[in-house]
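1. Any chance you could fold what I've pasted below:
(2 chains)
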Amino acid sequence: QGICNRLVIGLLKSKNISLACEVCEDMFKAGLRLDVYTFTATINAFCKEGKIDKASEMFVKMEEVGSIPDVVTYNILIQNLCRKGSLDHAYDLYKKMQARALTPNVVTYTTLIAGLFKASDFDKAKSLAHEMYCNGLVPCAVTTDILITGFCKEGKIETAAEIFREMLYRDLMPRDSTCARLINGLCKAGNVEEALGLLDTMIKKCILPNIITFNSLLNVLCKAKKSKQAEALFLDMVGRGFVPDVVTFNTLIDGCCKVGNISKAFTIKEYMVERGIHPNVSTYNSLINGLCKLGKICEANALLLEMLERNLGPDLVTYSTLIDGHCKLGDINEAERFLDEMMKINLMPNISTYNALIDRHCKDGNLEEAFKFMDEMAGKGLMPDIATCSIIVHGLCSIAQMEEANTFLNNMRNNGCLPN
RNA sequence: CCUGCCGAUCUAUAGGG
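-> Okay, here's the model as predicted:
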């Protein structure tokens, strides 16, 4: 009996569901009993397969033969309901298990909290977390990861940070990836000071930051044009023994490019190669962008060739960058030549690519050509976005076609593109 | 012995004082 039970679980683990079922049948026939673990594992397998009726059949059978479902069994049923979005039913089960004197554990709460996030019921997720504390349970790394990354994704960075502080206060160890996401959230929200403060806190609490954390911070410092601080952080990070990766260098290079410091960008490019880290497509894209914005087309083209020599295929961003570069320099012909070229190698332009072209035509007062591109986009199923709208409105206004601008705006509004 | 979350960080497009 013991061996058969183990066998069924083994078969389920190797996804051999039908064979596992056969063994179960044979066991029933031979009068052997499945234990709670085996019943539970079988129910889980059926749930994961989407065979809910089979799962409930098993659950009924389990009760019939007097095998008492435990917390894990309920957790599985609750998860299945959460997956289907039936959160009310999941919550009912959570109540029902307690009526049967089964105490929900950390997994029960974590499952429900994850389900609530998926259903966008953030307040209930938070209050359930609180309920969990009140019941004397300590959230684990998974629980806090769900809460913190969930709130970050929603843009509720302050709530996420609050949960994080509470966690540290309770001496719980978050995952380094949880910290990385929170720090990135703070960075993206422009809260650099708090992000840097969090880094200090992590280090003090002996939570090792990872390279992604540093990259996020470097990025926000570069974007804020605080190159001195970025450099200091980079040196600090290297001094602590963290190894910069390709994203680290790309971030620094892009920062230089954005302020027009191309020579420094190239110095960093050489330095990364010396350290054995090879530039990738993003590296080249940043450099090409920097060169284009300075009007250095020949050098940009040279980099494009260098990419090809190194077997780095130019991508959508590379072409969009070049197209925009030529547009900004007023060379619509060259821009359109790149548009043809990208399509020849099966790279499909996206909304950003078209916006650059439409903007050029608008600034040339050539609204007719601009609208032609709008049609071309539509033919490809690309919807104009908020940028497209402001480009066109700006274009129409600058040639004093106020009525047309108004009409256009209304049309866009009716198509679901709200002006900002 | 059966159950829960996660691959997050870098590159291209518009508008105002």
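
2. Kindly report the residues of the stretch 201-350 of chain A close to RNA strand B.
-> Residues of the stretch 201-350 of chain A that fall close to RNA strand B, judged by CB under 7 Å from any atom of the strand: A:210-212, A:215-216, A:219, A:223, A:245-247, A:250-251, A:254, A:258, A:280-283, A:285-286, A:289, A:315-318, A:320-321, A:324, A:328, A:350. (C-beta placed from N, C-alpha, C; glycine too.)

3. I'd like to know which of those residues are part of helices.
-> Secondary structure defined by DSSP state H assigns A:211-212, A:215-216, A:219, A:223, A:246-247, A:250-251, A:254, A:258, A:281-283, A:285-286, A:289, A:316-318, A:320-321, A:324, A:328 of these to helices.

4. Drop anything exposed from those residues.
-> Applying a neighbour-count criterion of 16 or more other CB atoms under 10 Å, the buried members of those are A:211-212, A:215-216, A:219, A:223, A:247, A:250-251, A:254, A:258, A:282-283, A:285-286, A:289, A:317-318, A:320-321, A:324, A:328.

5. how far away is A:G381 from A:F371?
-> According to CB to CB, to the nearest Å, A:G381 and A:F371 sit 17 Å apart.

6. Between those two, which has more neighbouring residues?
-> The residue with more neighbours, out of A:G381 and A:F371, is A:F371; 16 against 6, by other CB atoms under 10 Å.

7. Tell me which other helices or strands whatever helix or strand that one lives in touches.
-> A:F371 belongs to helix A:367-379 when assigned by DSSP states H and E. In this structure, helix A:367-379 packs against helix A:351-363, helix A:386-398, with contacts taken as 3 or more CB pairs under 8 Å, 6 or more residues apart in numbering; DSSP states H and E.

8. now for the first one, which elements pack on it?
-> Read that as helix A:351-363. Checking 3+ CB pairs under 8 Å, 6+ apart, helix A:351-363 ends up next to helix A:316-328, helix A:332-344, helix A:367-379, helix A:386-398.

9. Dump those helices into CSV; add distance to A:Q79 and mean pLDDT as well.
-> As requested, these are exported to CSV (distance: least, CB to CB, whole Å; pLDDT from 0 to 100):
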stretch, distance to A:Q79, mean pLDDT
helix A:316-328, 38, 98
helix A:332-344, 45, 98
helix A:367-379, 43, 96
helix A:386-398, 39, 95
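
10. Export these to TSV and append columns for distance to A:T73.
-> Compiled in TSV, these are given as follows (distance: least, CB to CB, whole Å):
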stretch	distance to A:T73
helix A:316-328	49
helix A:332-344	55
helix A:367-379	54
helix A:386-398	50
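
11. Pick the most buried one from those helices.
-> Ranked by mean neighbour count, these are led by helix A:316-328 with a mean of 23 (mean count of other CB atoms under 10 Å).

12. Now find how far off-centre it is within its chain.
-> Centroid separation between helix A:316-328 and its chain, computed with CA atoms, centre = their mean, to the nearest Å, is 26 Å.

13. Using CSV, write down the CA coordinates of it.
-> The C-alpha trace of helix A:316-328 is given here as CSV (Å, rounded to 0.1, in the frame of the first residue of the first chain):
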residue,chain,number,x,y,z
LEU,A,316,13.4,47.7,-35.0
VAL,A,317,14.9,50.2,-32.7
THR,A,318,18.1,50.6,-34.8
TYR,A,319,16.1,51.5,-37.9
SER,A,320,13.6,53.7,-36.0
THR,A,321,16.6,55.5,-34.6
LEU,A,322,18.1,56.1,-38.0
ILE,A,323,14.8,57.1,-39.5
ASP,A,324,14.2,59.6,-36.8
GLY,A,325,17.8,60.8,-37.0
HIS,A,326,17.4,61.6,-40.7
CYS,A,327,13.9,63.1,-40.1
LYS,A,328,15.3,65.4,-37.5
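
14. so it versus helix A:351-363, what angle?
-> Helix A:316-328 and helix A:351-363 meet at an angle of 10 degrees, taking axes from the mean of the first three to the mean of the last three CA atoms, to 10 degrees as the criterion.

15. Briefly note if stretch A:377-389 comes near RNA strand B.
-> Yes: judged by CB under 7 Å from any atom of the strand, stretch A:377-389 comes into contact with RNA strand B at A:385-387.

16. between the residues you listed, which is nearest A:K205?
-> A:I386 (41.7 Å; CB to CB).

17. So that closest one versus A:A400, what's the distance?
-> A:I386 sits 23 Å away from A:A400, going by CB to CB.

18. Could you check the helix or strand where A:N410 lies and say which residues are buried?
-> According to DSSP H and E, A:N410 maps onto helix A:402-414. Burial within helix A:402-414, assessed by neighbour count using 16+ other CB under 10 Å, is assigned to A:404-405, A:408-409, A:412.

19. How about stretch A:269-283?
-> So stretch A:269-283, judged by 16+ other CB under 10 Å, has buried residues A:269, A:272, A:277, A:279, A:282-283.

20. Tell me what angle the helix holding A:N410 forms with helix A:367-379.
-> Put simply, helix A:402-414 runs at 10 degrees to helix A:367-379, going by the same axes, to 10 degrees.

21. Neighbours of the closest residue to A:L382 other than its chain neighbours, how many?
-> Excluding its sequence neighbours, the residue lying closest to A:L382 (CB to CB, 6 or more residues apart in numbering) is A:I351, at 5.5 Å. Per other CB under 10 Å, the neighbour tally for A:I351 reads 16.
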